[in-house]
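J.: next comes the sequence, and after it the predicted model I'd like to discuss.
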Amino acid sequence: MWIERPGGTSREEWAEKIQAIATGRDQEAFAEIFAHFAPRVKSFLRKAGVSDAQAEEITQEVMLSVWRKAVLFDPAASGAATWIFTIARNLRIDAIRRERRGGAIRVDEVEAEYEADNAPLADARIAAAQADDRVRKALEVLPGDQLTVIRMSFFEEHAHSEIARALGIPLGTVKSRVRLAMKRLRALLEAEP
């Protein structure tokens, strides 16, 4: 169950906007993505210790990569925000490397960074599947009210205040349910071999 964020765009809608860029070069969708994510990316970079000028430059490169590489976005693999901030992180790393070696980076080097490697190792896939199964079984044990807040908080990425508004319950109740659910999940997962 997904709830609309007040005055905001849902995770699925951001993914649809990136898909619109990929399939039809939708400039309106790109403008919305740019207006929403560019300031957040710049702030992220500034918090990572990048100068204001360099943060602005990298942010422009990030948004250009979103436009050029929208076709590489896989909504099944990650959310739009995760994908965009991964691009920002990678470009920041590239900028640091570029400074160290004193040269410019070529566009094709940047573009190659965003091509997905869709071949995880077999043991990693098995371990992930086993962990997913354990978590799924543990979630089934939770009472419905706790499961709802866990799903909305962790799987749908809603803030606690949004969950409280959507469910019509006090914020403290949401926090209590999350805390109780996490305590119970931890106990269930630690008890399994």
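T.: Everything's here; your move.
J.: Arg184 versus the most centrally placed residue in the chain, what's the distance?
T.: Geometric centre of the chain, nearest residue: Thr82, 2.8 Å, by Cα atoms, centre = their mean. Noted for Thr82: a distance of 28 Å to Arg184, by Cβ to Cβ, to the nearest Å. Just so you know, the C-beta spots here come from the backbone N, C-alpha and C atoms, and that holds for glycine as well.
J.: same check on Ala35?
T.: Per Cβ to Cβ, Ala35 is found 41 Å from Arg184.
J.: please apply the same query to Ala22.
T.: 41 Å.
J.: can you name the residues that contact Pro170?
T.: The contact partners of Pro170, by Cβ atoms under 8 Å, 6 or more residues apart in numbering, come to Ala164.
J.: walk me through the domains of this structure.
T.: The chain is divided into the following domains under automatic domain parsing: 11-112, 122-191.
J.: could you dump the ones you listed into JSON lines with mean pLDDT added?
T.: Formatted as JSON lines, the domains of the chain follow (pLDDT from 0 to 100):
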{"stretch": "domain 11-112", "mean pLDDT": "83"}
{"stretch": "domain 122-191", "mean pLDDT": "83"}
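J.: among the ones you listed, which is the most enclosed?
T.: Of those, the one with the most neighbours on average (mean count of other Cβ atoms under 10 Å) is domain 11-112, at a mean of 16.
J.: what about the residue nearest to the centre of the chain, which helix or strand?
T.: Using DSSP states H and E, Thr82 sits in helix 80-101.
J.: so which elements touch that helix?
T.: Packing partners of helix 80-101 (3 or more Cβ pairs under 8 Å, 6 or more residues apart in numbering; DSSP states H and E): helix 11-24, helix 27-47, helix 52-69, helix 107-112.
J.: dump those helices into JSON lines; add distance to Ala128 as well.
T.: Output for the helices and strands packed on helix 80-101, formatted as JSON lines (distance: least, Cβ to Cβ, whole Å):
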{"stretch": "helix 11-24", "distance to Ala128": "21"}
{"stretch": "helix 27-47", "distance to Ala128": "27"}
{"stretch": "helix 52-69", "distance to Ala128": "26"}
{"stretch": "helix 107-112", "distance to Ala128": "26"}
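J.: which stretch among those comes nearest Ile126?
T.: In terms of Cβ to Cβ, the element of those nearest to Ile126 is helix 11-24, at 28.0 Å.
J.: and that closest one, what other elements does it pack with?
T.: In terms of contacts (3+ Cβ pairs under 8 Å, 6+ apart), helix 11-24 is packed against helix 27-47, helix 52-69, helix 80-101.
J.: can we see that at 7 Å?
T.: Contact here means 3 or more Cβ pairs under 7 Å, 6 or more residues apart in numbering; DSSP states H and E; on that basis helix 11-24 packs against helix 27-47, helix 80-101.
J.: got these as TSV, with distance to Val178 columns?
T.: Listed next are these as TSV, based on distance: least, Cβ to Cβ, whole Å:
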stretch	distance to Val178
helix 27-47	25
helix 80-101	21
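J.: quick one: closest of those helices to Ser176.
T.: Per Cβ to Cβ, nearest to Ser176 of these: helix 80-101, 27.7 Å.
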